[in-house]
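Asker: Okay, sequence plus prediction incoming.
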Amino acid sequence: MKVTAVIGTGVKNGTIDKICQSILDGARENGHQTDTIYLSDYSISPCMGCFKCLGNSNCDIQDDFNKVFEKYVDSDVVILGSPVYMGNISGLMKNFIDRHNGNAMFTPPLMAKLKELPSKERLKSFFSKISKDYGPKKEMQGKKIIRVIAANKPYFLLTISGELRTTYEALKHYIKEMKCKLYKTILYSGTQFYPEKEVKILKKAYNMGKVL
Ligand SMILES: Cc1cc2nc3c(=O)[nH]c(=O)nc-3n(C[C@H](O)[C@H](O)[C@H](O)COP(=O)(O)O)c2cc1C
């Protein structure tokens, strides 16, 4: 299998990077092919909401996203690594996810014409003619996804504040939208308070990679 880690932090060799690399080490040990995408190494513009992707299923923006997408799309297992930033996934990760709207989704040509229909017809037409084809492209579907999350706050603060749920949900929604499967989650909470936890978490990550 091809196992790819997408690193949604600019900190190389930081917590997220180390956990993801440990999973990949385990996966390599087990004979899998591995790759790492450091999102911070690429110039990926935010989605500009132009909707030119509607009906043609490709993004009009000329930047590094196509390069990243090519590396990513044929992976069987994807590790999505993000720190908690302001109670959510990082901007790097969110930006990467938003850009899927152009390249990863199939939007039937009729979708672009929806606005031209009388308003009463739009929903009916969407459900009868468009919705069955609309969705992630075949090659996007069915990937096993591993969520890797790190946060400064200890677990009890992360849960009380609701930010763990927000962060988990952001990735869960993406996984559902792409018709992929959430395989496992690794959370390192309290990175600043409990640095001694790292050894145990990296071991867990390595073992997870070994049994993929
Ligand atoms: C801009 C920014 C926002 C952050 N927001 C949060 C937060 O809302 N909650 C939290 O627990 N930690 C927050 N953190 C801390 C990081 O999640 C934490 O340091 C994490 O371990 C970083 O992982 P990394 O070194 O792999 O990038 C924030 C850090 C930064 C730089």
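Answerer: Received the coordinates, thanks.

Asker: CA atoms for contacts and neighbours, from now on please.
Answerer: Fine.

Asker: From the chain's centroid, how far away is the host helix or strand of residue 3?
Answerer: If you go by DSSP states H and E, residue 3 is part of strand 2-7. The chain centroid and the centroid of strand 2-7 are separated by 10 Å under CA atoms, centre = their mean, to the nearest Å.

Asker: which residues are contacting it?
Answerer: Contacts to strand 2-7, defined as CA atoms under 8 Å, 6 or more residues apart in numbering, come from residues 16-17, 20-21, 24, 27, 32-39, 72, 74-82, 93.

Asker: Filter the residues you listed down to just the ones in helices.
Answerer: Among the contacts of strand 2-7, the members falling in helices (DSSP state H) are 16, 17, 20, 21, 24, 27, 72, 93.

Asker: With respect to the ligand, which of those residues is nearest?
Answerer: residue 16 (3.7 Å; CA to the nearest ligand atom).

Asker: count of residues packed around that closest one?
Answerer: Neighbours of residue 16 under the rule other CA atoms under 10 Å: 27.

Asker: ok, now residue 69?
Answerer: Counted with other CA under 10 Å, residue 69 comes out at 16.

Asker: which residue sits closest to it, ignoring its sequence neighbours?
Answerer: Closest residue in space to residue 69, ignoring its immediate chain neighbours: residue 103 at 7.8 Å, by CA to CA, 6 or more residues apart in numbering.

Asker: pLDDT score for the one you found?
Answerer: Residue 103 carries a pLDDT score of 90 in this model.

Asker: pretty sure it contacts residue 56?
Answerer: No. With contact defined as CA atoms under 8 Å, residue 103 does not count as touching residue 56 (9.5 Å).

Asker: For residue 166, the count of nearby residues, please.
Answerer: 17.

Asker: which residues touch it?
Answerer: Going by CA under 8 Å, 6+ apart, residue 166 touches 87, 88.
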